[in-house]
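Peer 1: model this:
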Amino acid sequence: MRILFVHNYYQQAGGEDQVFLAEQDLMRKFGHDVHEYTVRNDTIQSCQSKIKIAISLKYSNDSKKTFADILLKTIPDIVHCHNFFPLLTPSIFDACKEINIPTVLTLHNYRIICPSAILMRKNKPWELSITYSPYFTIPFRVYKNSIWGTASLARMITYHKKNKTWSKKIDRLITLTNFSKNKFLEAGFSPNNIVVKPNFIHDPDMGKSKRKPYALFIGRLSKEKGINFLLDSWKRIDFPLKMLGDGPEKSNISSDMKNIEYLGTQPNKTVIQLLKEAQFLVLPSQCYEGFPVVLVESLACGTPALVTNIGSMAEIIDHEENGLHFALGDVDDFVNSVNRLSSQHELCKILGETGRKKYLSLYTPENNYQQLHQIYLDAIQSS
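Peer 2: Got it, this is the predicted structure:
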């Protein structure tokens, strides 16, 4: 099977980029003919280019023409897009439809429902676009604190919903969790072409790693990840916390914070080793999240996770089975859960062993290949 993977890279690298590359490698490993077409937001620098992108956000004829030429050169059996925003635009799916090439789109976030992309405002889940209309989000400047940017996205979302782009032009939409699928269904999407397929990771070398007395946070240091909640809550906790990552809230971490050690950004090998040795992982995100790969890494390493009881986090981590949940924004619940995990080594061991079994049954490359390959076959058949 000849597969054309398509992706619009953001200016800051993220999880979508990793999944885009990992799925290409996976399909190559199983003998498929893999090609890619990518663009990068680095090209958006001048004020003029930003205005041009905002105007063409809904539909770009230039992008459609360029992509049509790529299709004629590649002649793929299927096109799999991971992100079209903002340079490619949904016009690329028309280019595919006009020459009857099946298409698959992975929905890593909620961009085609809400301009915020994460259904969040003021550190809380926010579903105004689902309940009413994306145009209602404009006064709140949910995209980069910009009325113009939010309005441009609201226009794009409304246009393609009205024209049924996501059901008529795309053969399969992949959501990463059942929770995410249900949010798209609530927003009016057709159930006929939505399927659930999680992300995957390669099995880390389990080897022999002795557990050490510390908790671990891995991720972007930003408000939606609950960084400020985590730092404030940890003042009440007498247990070491190691923090890995970078982001706009990094300046809030000071060297004199009790029991907190900031390690910055680390290579994946170091991250996995720290996960293997940690007593447990904490992920206090205040948004729904898409599919935090760090949770699958935690399961694979046999390390229990403490997560907020919302969204995909509560679906990946099963309460009292391979980790614990705490109520969104509830400091007491969070502190009590941390104290429980930090003091009960046997509990952590049992939760970790159950988590390892869940990884082996759901999140291995072999399992993921079977799912993705079947999605491609179904998309080709329906097209």
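
Peer 1: Do you know the pLDDT at Gly14?
Peer 2: pLDDT, the model's per-residue confidence, is 76 for Gly14.

Peer 1: give me the number of residues near the nearest residue to Ile53 once chain neighbours are set aside?
Peer 2: Spatial nearest neighbour of Ile53, chain neighbours left out: Pro86 (5.3 Å); criterion: CB to CB, 6 or more residues apart in numbering. From N, CA and C alone the C-beta is placed, and that goes for glycine too. Neighbours of Pro86 under the rule other CB atoms under 10 Å: 22.

Peer 1: Next, find the distance separating Pro86 from Ser56.
Peer 2: Per CB to CB, to the nearest Å, Pro86 is found 9 Å from Ser56.

Peer 1: list the contacts for the residue nearest to Ile53?
Peer 2: The contact partners of Pro86, by CB atoms under 8 Å, 6 or more residues apart in numbering, come to Asn8, Asn41, Ile44, Ile53, Leu57.

Peer 1: For my notes, confirm it occurs in a helix.
Peer 2: No. The assignment for Pro86, made by DSSP: H, G, I helix; E, B strand; the rest coil, is coil rather than a helix.

Peer 1: just use 26 as the starting number from now, easier for me
Peer 2: In the new count, where the first residue is 26, that last one comes out as Pro111.

Peer 1: Please, which helix or strand holds Tyr394?
Peer 2: Tyr394 belongs to helix 390-407 when elements are defined using DSSP states H and E.

Peer 1: That helix: how far from the chain's middle?
Peer 2: 20 Å (CA atoms, centre = their mean, to the nearest Å).

Peer 1: now do stretch 30-48
Peer 2: The chain centre lies 10 Å from the centre of stretch 30-48; the measure is CA atoms, centre = their mean.

Peer 1: Report the buried residues of that stretch.
Peer 2: Within stretch 30-48, the residues that count as buried by 16 or more other CB atoms under 10 Å are Phe30, Val31, His32, Asn33, Tyr34, Gly40, Glu41, Asp42, Val44, Phe45, Ala47, Glu48.

Peer 1: Give me the residue ranges of the stretch 276-408 of the chain where confidence is low.
Peer 2: Judged by pLDDT under 70, the stretch 276-408 of the chain has no weakly predicted residues.

Peer 1: can you map out the helices along it?
Peer 2: Along the stretch 276-408 of the chain, the stretches classed as helices by DSSP state H, counting those that start in this stretch are 293-302, 318-325, 336-341, 356-368, 370-387, 390-407.

Peer 1: ok so, going back, JSON lines please, covering the buried residues of stretch 30-48 and showing distance to Leu246.
Peer 2: Shown next, in JSON lines, are the buried residues of stretch 30-48 (distance: CB to CB, whole Å):
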{"residue": "Phe30", "distance to Leu246": "30"}
{"residue": "Val31", "distance to Leu246": "30"}
{"residue": "His32", "distance to Leu246": "25"}
{"residue": "Asn33", "distance to Leu246": "24"}
{"residue": "Tyr34", "distance to Leu246": "21"}
{"residue": "Gly40", "distance to Leu246": "15"}
{"residue": "Glu41", "distance to Leu246": "18"}
{"residue": "Asp42", "distance to Leu246": "18"}
{"residue": "Val44", "distance to Leu246": "21"}
{"residue": "Phe45", "distance to Leu246": "23"}
{"residue": "Ala47", "distance to Leu246": "24"}
{"residue": "Glu48", "distance to Leu246": "27"}
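
Peer 1: so which of the residues you listed comes closest to Gln311?
Peer 2: Using CB to CB, Gly40 comes nearest to Gln311 of the buried residues of stretch 30-48, at 17.4 Å.

Peer 1: gap between the closest one and Gly315?
Peer 2: Taking CB to CB as the measure, Gly40 falls 7 Å from Gly315.
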